[in-house]
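Participant: I would like the atomic coordinates for the input below:
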Amino acid sequence: MDDFDAEKAGDDRREETEMRWTRPLLIAGLWLAAPAAQAQLLPAPAAGTLGGGALGGVGQIVPDTLDRLGGIVDQSGLDRLSPARLADRLAAARTARIDALLRQHGDAVELDDRREPARRGIILLTGADAAAIETLRAAGYGLERIEAEGIDMAITRLTVPDGQSLARALRSVRKIAPKAQASADNLYFPSGAAAEGRSATLAGHGSVGRGAAGLIDGGVAAHPALAGAIEQRGFVAGAPRASAHGTAVASLIGGSGRVKGAAPGTPLLVADVYGDDPAGGSSFAIVRALGWMAARGAKVVTISLVGPDNPLLAGAIRLVRDKGVMLVAAVGNDGPAAPPAFPASYPQVIAVTGVDGRGRLLPEAGRAVHVDFAAPGAEMMAADMAGGRDKVRGTSFAAPLVAGRLMAGGSVEALRREAKPGRGKGYGAGILCETCRNMD
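Facilitator: As a prediction, this is how the structure comes out:
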């Protein structure tokens, strides 16, 4: 066995030990520290969904499970928790969310070398030279070259050899191609909870021209409040498919009538990155969606999804921003003690946090490297899957209000002049759209 093989074997043994002991202990420790976390943050699953009753097809699980696990549904008492107790509960909820995904869909999802969830057996590579590509091919990696529409980005998608973990493969690829950028196909989760709903008709009203508002999320259901032009495209298996989260976010951008968005009637270009795919919401799907948005001339794109830093996603965001597309993202709901959320933390992205009805930062609001604006994220209504409206909570629902104001107001500078100062730090330039709650 040469030094390289010995190192790989050692990596495998360490990795197996970590997976066997570290992850279960972490989950147990978090849940013991927060005994009420499940009741507070993860309501009992309904029959036919993840963790409840007999499971049907994947379409019953995704993305409605992510709607439920991606944010806080029962917010009672959050304001009374100490920062340490809140941090424990939010960390437990995030751990449970990822663990549930791994248990139910381990054939499609695994952890990368940073212990972040990602699509199983896939590595995304940019900037690799021909010699590195041939070495990777000889080492047993499957290779597929892809040109991302709209952003002139050449991506090599590697399939990891059988029997090799994603974490180990990433380390190997970085040694073989040190000048390239190699990343897992990381997963991103909705940053707020919307009420689960039945399957619904997909919205679609005519064609959308340049200058529309873009939305990267789950699909959007037909709804009386969404009367403007809507065009949807799927970027994973089973997409586009209507989702509760995507429908709620869309209504807060362009809704009218009983659910009035910040830019009523604005045309919507919707990219569904979840569909029926257990590994939906991946960086590769989001990158392709961003390219489509750029090619179609979207003016402002809302991304109410959160996950880890990812080199491929970071590069795509730079390219899309260079083309004049404004990007708005939520800071997430894992709490201020959580690591910075992405894509909100990228410097090219307008990061949005949420406030309650009294103008206070949501206690569960996550953080980003920077915060640009705050907007309502609680005590508000949005469109539901049944053609009505329901309460929503989370920074997911603050981001589309800022995006809508950008569509209507035109510039970040104008919004800075419009924003009302917050009560301390963490509000960025201030609070926008304070009356956008649809509570009447």
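Participant: point out where this structure drops to low pLDDT.
Facilitator: 1-79, 193-199, 205 (pLDDT under 70).
Participant: helices of that one, start to end?
Facilitator: Remark: helices assigned in the chain by DSSP state H are 3-17, 23-33, 37-41, 64-69, 83-104, 130-138, 166-176, 244-254, 283-295, 311-322, 399-409, 412-418.
Participant: just put those helices in CSV and tack on distance to residue 201.
Facilitator: Heads up, the C-betas are built off the backbone N, CA and C, glycines and all. Shown next, in CSV, are these (distance: least, CB to CB, whole Å):
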stretch, distance to residue 201
helix 3-17, 45
helix 23-33, 39
helix 37-41, 31
helix 64-69, 16
helix 83-104, 27
helix 130-138, 45
helix 166-176, 37
helix 244-254, 11
helix 283-295, 22
helix 311-322, 30
helix 399-409, 21
helix 412-418, 34
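Participant: deepest of these, which one?
Facilitator: helix 244-254 (a mean of 32; mean count of other CB atoms under 10 Å).
Participant: the helices of the chain: which one's closest to residue 153?
Facilitator: Nearest to residue 153 among those is helix 311-322 (6.1 Å), distances taken as CB to CB.
Participant: quick one: that closest one to chain centroid distance?
Facilitator: Centroid separation for helix 311-322 versus its chain: 16 Å, with CA atoms, centre = their mean, to the nearest Å.
Participant: find the residue at the geometric middle of the chain.
Facilitator: Centroid-nearest residue in the chain, with CA atoms, centre = their mean: residue 305, separated by 2.2 Å.
Participant: what is the neighbour count of the closest residue to that one other than its chain neighbours?
Facilitator: Spatial nearest neighbour of residue 305, excluding adjacent residues (CB to CB, 6 or more residues apart in numbering): residue 188 at 4.0 Å. For residue 188, the count of nearby residues is 30 (other CB atoms under 10 Å).
Participant: list the contacts of residue 188.
Facilitator: 273, 281, 282, 283, 286, 305, 306, 307, 343 (CB atoms under 8 Å, 6 or more residues apart in numbering).
Participant: gap between residue 436 and residue 376?
Facilitator: Distance of residue 436 to residue 376, given as CB to CB, to the nearest Å: 6 Å.
Participant: now for the two: what residues contact both?
Facilitator: Common contact partners of residue 436 and residue 376 (CB under 8 Å, 6+ apart): residue 401.
Participant: who's more crowded, the two?
Facilitator: A count of neighbours by other CB under 10 Å puts residue 376 above the other of residue 436 and residue 376, at 27 against 21.
Participant: bridged to that one, which residues?
Facilitator: residue 355 (DSSP bridges).
Participant: could you do residue 268 as well?
Facilitator: Under the criterion used (DSSP bridges), residue 268 bridges to residue 213, residue 230.
Participant: hmm, back to that, which of the contacts of residue 188 sits closest to residue 164?
Facilitator: Nearest to residue 164 among these, counting by CB to CB, is residue 282 at 19.5 Å.
Participant: separation between the closest residue to that closest one other than its chain neighbours and residue 117?
Facilitator: In this structure, residue 282 finds its nearest non-sequential neighbour in residue 185, 4.6 Å apart by CB to CB, 6+ apart. Plainly put, residue 185 is 10 Å away from residue 117 if you go by CB to CB.
Participant: try residue 431
Facilitator: 33 Å.
Participant: and the two? which has more neighbours close in?
Facilitator: Comparing residue 431 with residue 117 by other CB under 10 Å, the one with more neighbours is residue 117, at 26 against 23.
Participant: for residue 307, which residues are in contact?
Facilitator: 116, 186, 187, 188, 189, 281, 283, 341, 342.
Participant: now, which of these sits nearest residue 154?
Facilitator: residue 283 (15.8 Å).
Participant: I'd assumed residue 124 was in contact with that closest one.
Facilitator: Yes. Between residue 283 and residue 124 there is a contact at 7.0 Å, judged by CB atoms under 8 Å.
Participant: what touches both of those two?
Facilitator: With CB under 8 Å, 6+ apart as the test, residue 283 and residue 124 both reach 183, 184, 185, 312.
Participant: of all pairs in the residues you listed, which one spans the longest distance?
Facilitator: 184 and 312 (9.3 Å).
Participant: now the common contact residues for those two.
Facilitator: Contact with both residue 184 and residue 312 is made by residues 124, 283, according to CB under 8 Å, 6+ apart.
Participant: residues near residue 201, how many?
Facilitator: Residue crowding around residue 201 was assessed by other CB under 10 Å; the count is 11.
Participant: got a list of what it touches?
Facilitator: 221, 222, 242.
Participant: also residue 431?
Facilitator: With CB under 8 Å, 6+ apart, residue 431 has these contacts: 355, 359, 373, 374, 375, 419, 420, 421, 422.
Participant: domains for this structure, by residue range?
Facilitator: 3-110, 114-186, 189-418 (automatic domain parsing).
Participant: which of the contacts of residue 201 has the most neighbours?
Facilitator: residue 221 (27 neighbours).
Participant: from residue 280, how far off is it?
Facilitator: 17 Å.
Participant: if we can go back for a sec, close enough to count as contact, the residue nearest to residue 282 and residue 284?
Facilitator: Yes. Residue 185 is within contact range of residue 284, at 4.9 Å (criterion: CB under 8 Å).
Participant: report the set of residues contacting both of the two.
Facilitator: Joint contacts of residue 185 and residue 284 (CB under 8 Å, 6+ apart) are 119, 122, 124.
Participant: please check these and keep the buried ones.
Facilitator: Buried by 16 or more other CB atoms under 10 Å: 119, 122, 124, out of the shared contacts of residue 185 and residue 284.
Participant: need the contact list for the first one.
Facilitator: Listed by CB under 8 Å, 6+ apart, the contact partners of residue 119 are 108, 109, 184, 185, 187, 279, 282, 284.
Participant: rewinding a little: so which of the shared contacts of residue 185 and residue 284 is the closest to residue 102?
Facilitator: Nearest to residue 102 among the shared contacts of residue 185 and residue 284, with distances taken as CB to CB, is residue 119, at 12.4 Å.
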